[in-house]
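> sequence first, predicted model second:
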Amino acid sequence: MTTIQKERVEKKYYNVYVANDGTEFSDEAECKKYEESAYAVLHARYQKLVVNTTNEYDFFSWAGSEDTDVEIVMLSTQNDADVVKQIYVTINSHLLKGENKDRLESVFSTIDKALANNDVLLVGRPNYERDQNMWFFGTLTDVIEKMKSYVNV
């Protein structure tokens, strides 16, 4: 008689709690708390404005980081623009202080320009878990014009 060892693989399931914007949690209370937060409400509204997402490296085809997403955002109404402004301020509340007023006005101007010109807004976001940061590359037209300026087209 011989003795052999065999491995028994058992399927083990665990609960994952999914917030209304798709964010996953392992704790139900944490998920509920998140869903009730201002960020979650705004993020759910913001996600409806994102028409496509890729990473920075793929978007620019030669440079950038695979750890940075580029969200392609289309604004149709002033309410859409306000949602983007609100989530940006929620994430970057430090910009409400007086010394950052110019930076905030510049960002709001870019958002307003995208709406007024029916242009695409390019938003940078880290694509690793739980980092809510947000910044703007500008409108698609801005990015194209900047690239053209470097090659004198």
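Great, that's in hand. Numbering: from 1, shown residues only.

> tell me the helices in the protein, going along the chain?
In the chain, the helices defined using DSSP state H lie at 28-35, 38-47, 56-60, 78-91, 101-116, 140-151.

> packing partners for the longest one?
In terms of contact count using 3 or more CB pairs under 8 Å, 6 or more residues apart in numbering; DSSP states H and E, helix 101-116 is assigned the packing partners helix 78-91, strand 120-126, strand 135-139. Backbone N, C-alpha and C define where each C-beta goes, glycine included.

> mind putting the helices of the chain in TSV, mean neighbour count and mean pLDDT included?
Output for the helices of the chain, formatted as TSV (neighbours: other CB atoms under 10 Å; pLDDT from 0 to 100):
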stretch	mean neighbour count	mean pLDDT
helix 28-35	14	84
helix 38-47	17	88
helix 56-60	16	89
helix 78-91	18	93
helix 101-116	15	93
helix 140-151	12	90
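
> including distance to Gln5, could the ones you listed go into a markdown table?
Formatted as a markdown table, the helices of the chain follow (distance: least, CB to CB, whole Å):
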| stretch | distance to Gln5 |
| --- | --- |
| helix 28-35 | 39 |
| helix 38-47 | 48 |
| helix 56-60 | 46 |
| helix 78-91 | 53 |
| helix 101-116 | 62 |
| helix 140-151 | 60 |
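
> nearest to Ile111, out of the helices and strands packed on helix 101-116?
helix 78-91 (5.2 Å; CB to CB).

> helices and strands around the closest one, which ones?
Checked by 3+ CB pairs under 8 Å, 6+ apart, helix 78-91 has helix 38-47, helix 101-116 packed alongside it.

> wait, which of these is closest to His94?
helix 101-116 (9.8 Å).

> how about residues contacting the closest one?
Residues from elsewhere that reach helix 101-116 (CB atoms under 8 Å, 6 or more residues apart in numbering): 73, 75, 77-78, 80-81, 84-85, 88-89, 95-96, 119-121, 136, 138-139, 142.

> and for stretch 17-31?
With contacts defined as CB under 8 Å, 6+ apart, stretch 17-31 is touched by Tyr14, Asn15, Val16, Tyr34, Glu35, Ala40, His43, Ala44, Gln47.

> domains of the chain?
13-44, 49-151 (automatic domain parsing).

> mind checking which residue lies nearest the centre of this structure?
Of all residues in the chain, the one closest to the mean position by CA atoms, centre = their mean is Arg125, 4.4 Å from it.

> many thanks, have a good one.
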